[in-house]
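A.B. asks: whatever this is, show me its structure:
(one chain, ligands or ions: 2)
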Amino acid sequence: MTGFAEEITLGKNDLREQFDFATELPAIWQDLSNELPTTNGNHHGHDLTQPYWRLRGPNQWPPEHLLPGFRAAFEAYHDAVQELSYKFVHLIEEAFGINIGTFNDFFRSSHTSAPSAHHNGGANASVSGGRRANMPPQHRIKLLKYPPSSSNSSSNTDNLKEEGQGVGAHKDSSGWLTFLYQVPRRPAAETEEAAGKEEEEEEEACLQVLSPTNKWLPAPSIPGTFVVNFGKAMESATQGAMRATVHRVRAPSATSPVRYSIPFFQGLPLDMTMSEIRAFIPESVRELRQRQEELDGEGPSDEEMDSWTQVGGWDSLGRAQLRKWVKSHPDVGGKWYGNELVEAYSA
Ligand SMILES: O=C(O)CCC(=O)C(=O)O
Ligand SMILES: [Fe+2]
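C.D. replies: Ligands and ions are numbered 1, 2, ... in the order given. All right, here's what the predicted structure looks like:
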């Protein structure tokens with residue numbers, strides 16, 4: 001849980017609060033200081049002593065008597081969006097013109113080995129450690145609240161606008177795809193006047209996405225829909241053929257209703273490296289980058305994409321994710337991982 005304005009994006013406090021939940025899975029991190037000397041933390045090729053494995057574990061559910069039905073409702077929502085997300089991945093494979101199911105290995109217990117040249121249309125990156133069985137990923141769901149905030153008054157000076165940061169501009173870094181549900185802020189409007197007011201409120205405090213020409217475009221909530229974001233892993237894996245959308249949320253002003261949203265971040269196995277993921281992406285997909293650049297201008301630099309996870313090196317998605325978490329939530333990081341790790345990871 002993160003209290004109001006305790007999270008930091010772009011060095012500024014986000015005017016929101018959140019509860020974090022995830023796929024319910026047992027803890028697997030091995031604390032060697034508590035183990036018999038014969039244990040080395042290696043489990044079928046996975047080094048479970050890595051600090052990022054502590055990101056994985058069961059949820060801290062609110063007691064049933066305090067919030068009856070919450071866990072059941074949450075788990076039903078999780079399972080439904082998980083299924084949707086796996087179907088959606090197949091649409092992306094279809095759009096890429098690659099075999100449906102190419103990315104299935106990311107989402108179920110299976111062996112991480114580069115698909116054959118035939119199967120993946122010629123991707124030639126090699127996979128280190130070849131036969132490791134993947135651990136199914138943990139998806140993350142946040143319950144977000146953006147309360148009306150006086151620091152985002154109706155004044156329109158740039159300064160005040162900046163102060164109303166619901167969440168600062170960012171690309172999603174927690175996984176492959178994000179399915180964002182924006183909860184409608186009022187019951188459906190019954191009059192035209194009310195509908196007009198609603199639209200104004202939505203424009204004023206809503207999700208905004210950065211266009212290729214660097215304009216902020218509103219992405220208001222549309223009943224019955226999700227916003228789907230491509231995460232940084234997708235951008236990096238396709239070397240920019242798929243862009244991770246930069247987005248932000250402006251905090252609601254003091255006089256407008258509270259805003260709630262629920263993003264589902266589709267996870268990937270934490271100890272997969274970027275070169276292992278790239279082995280699943282055929283050259284034909286990476287070539288799309290050039291076409292994309294013709295349409296949308298230059299994408300992120302290779303350095304930007306590679307700095308997130310060190311391509312080809314020992315670095316992993318888990319390490320990238322833990323780095324992001326301790327940077328966004330330094331207090332939580334310090335409490336659970338110690339200040340030394342927070343400093344090392346924030347550098
Ligand atoms: O609240 C929203 O609509 C967006 C949240 C978001 O972008 C995030 O938490 O990554
Ligand atoms: Fe986001």
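
A.B. asks: pLDDT score for the residue of the stretch 101-250 of the chain found nearest ligand 1?
C.D. replies: In the stretch 101-250 of the chain, the residue that lies nearest ligand 1 is Leu207 (4.3 Å; C-beta to the nearest ligand atom). Every C-beta, even on glycine, is put in place using the N, C-alpha and C of the backbone. pLDDT, Leu207: 93.

A.B. asks: who touches it in this structure?
C.D. replies: Residues counted as contacts of Leu207 (C-beta atoms under 8 Å, 6 or more residues apart in numbering) are Leu180, Gln182, Pro218, Ala219, Pro220, Ser221, Val227, His247, Arg248, Val249, Ser261.

A.B. asks: thought the second one was touching Pro218?
C.D. replies: Meaning Gln182. No. The criterion here is C-beta atoms under 8 Å, and Gln182 misses it with Pro218 at 11.3 Å.

A.B. asks: up against ligand 1, what does the stretch 1-150 of the chain have?
C.D. replies: Residues of the stretch 1-150 of the chain that fall close to ligand 1, judged by C-beta under 6 Å from any ligand atom: Lys142, Leu144.

A.B. asks: tell me where the stretch 1-150 of the chain has strands.
C.D. replies: 8-9, 12-13, 17-22, 42-43, 46-47, 140-146 (DSSP state E, counting those that start in this stretch).

A.B. asks: what is the burial count for the closest residue in space to Tyr86 that isn't next to it in sequence?
C.D. replies: Using C-beta to C-beta, 6 or more residues apart in numbering and skipping residues adjacent in sequence, the residue nearest Tyr86 is Phe107, 6.1 Å away. For Phe107, the tally of surrounding residues (other C-beta atoms under 10 Å) stands at 20.

A.B. asks: now Thr273
C.D. replies: 24.

A.B. asks: in the chain, which residue sits nearest ligand 1?
C.D. replies: For the chain, C-beta to the nearest ligand atom, closest residue to ligand 1: Ser261, 3.5 Å.

A.B. asks: ok so that residue is a strand residue?
C.D. replies: Yes. Counting by DSSP: H, G, I helix; E, B strand; the rest coil, one finds Ser261 located in a strand.

A.B. asks: now the strands of the stretch 1-150 of the chain as CSV including mean pLDDT?
C.D. replies: CSV is the format used below for the strands of the stretch 1-150 of the chain (pLDDT from 0 to 100):
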stretch, mean pLDDT
strand 8-9, 80
strand 12-13, 80
strand 17-22, 93
strand 42-43, 78
strand 46-47, 88
strand 140-146, 95
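
A.B. asks: shaky segments in this protein?
C.D. replies: 34-39, 109-132, 151-163, 187-190, 198-205, 308, 310-314 (pLDDT under 70).
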